[in-house]
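In: Provided below are the primary sequence and the corresponding predicted coordinates.
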Amino acid sequence: MLKNIQEWVLLLGIFGITALVGNWAGYDILPLAAIPGMITLIVICLAGFILRELIPVNFPSIAYISLIGVLVSMPWFPGSEKVVEWTTEVQLLALATPILAYAGIAIGRSLTDFVKLGWKTIVVATLVMLGTFLGSAVIAELILRFQGII
C-alpha cells in the first residue's frame, strides 16, 4: 500500500501544480494564494484513496473523497472556515483541465485497444462528441437569449 500512496501523492502533486498554473493563467489567482487550498484538496483526495483501500466494502474512492470534502466543509466541523477560505481560491475549471488532459493521455495510451474495436466505434464516438458539443451550444444559446444576456 505504501507504493500506492507514493504513486497517488506523485500524481496528485502533478495535478496540483498543473491546476495552480491554470488557476494563475486563467483566473489571475497567484499560486501562493491557492497553495493552501490545493494542498487541502490533495489531502482530501489522498484520504479518500486510503479509505478505499482500508475499508473492505466495495465503495468507489470518489464517494469517500466527496464525503470527506463535505464533512470538512460543514460549519460545525472544526476549522471548516479555513478549509472553505482556502479552497475558494482554487477554481473548478483549473482543476478540470489537468484531469481531462490525463484522461486524454490514458485513452491515447490505449489507442491500439480502441482501434481494435473497429472503425464503427470511432465514427460513433466522434458523432457522440459532436452531438454533445452542439447540444450544449444550442442549450447555452437558448438560455442566454432567454435571459437577455445576448
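Out: Yes, it's here.
In: Skip the chain neighbours and tell me the closest residue to Ile29.
Out: Sequence neighbours aside, Asn23 is the residue nearest to Ile29 in space, at 5.0 Å (criterion: Cβ to Cβ, 6 or more residues apart in numbering). Backbone N, C-alpha and C define where each C-beta goes, glycine included.
In: what helix or strand does Val128 sit in?
Out: In this structure, Val128 is located in helix 119-147 according to DSSP states H and E.
In: circling back: next up, the contacts around the residue nearest to Ile29.
Out: 29, 31, 34, 89-91, 94 (Cβ atoms under 8 Å, 6 or more residues apart in numbering).
In: Against Thr132, how distant is it?
Out: Shown here: Asn23 relative to Thr132, a distance of 26 Å by Cβ to Cβ, to the nearest Å.
In: coming back round to it: which helices and strands does the helix holding Val128 pack with?
Out: Packed against helix 119-147, as judged by 3 or more Cβ pairs under 8 Å, 6 or more residues apart in numbering; DSSP states H and E, are the following elements: helix 111-116.
In: go with 6 Å
Out: Contacts defined by 3 or more Cβ pairs under 6 Å, 6 or more residues apart in numbering; DSSP states H and E place helix 119-147 against no helix or strand at all.
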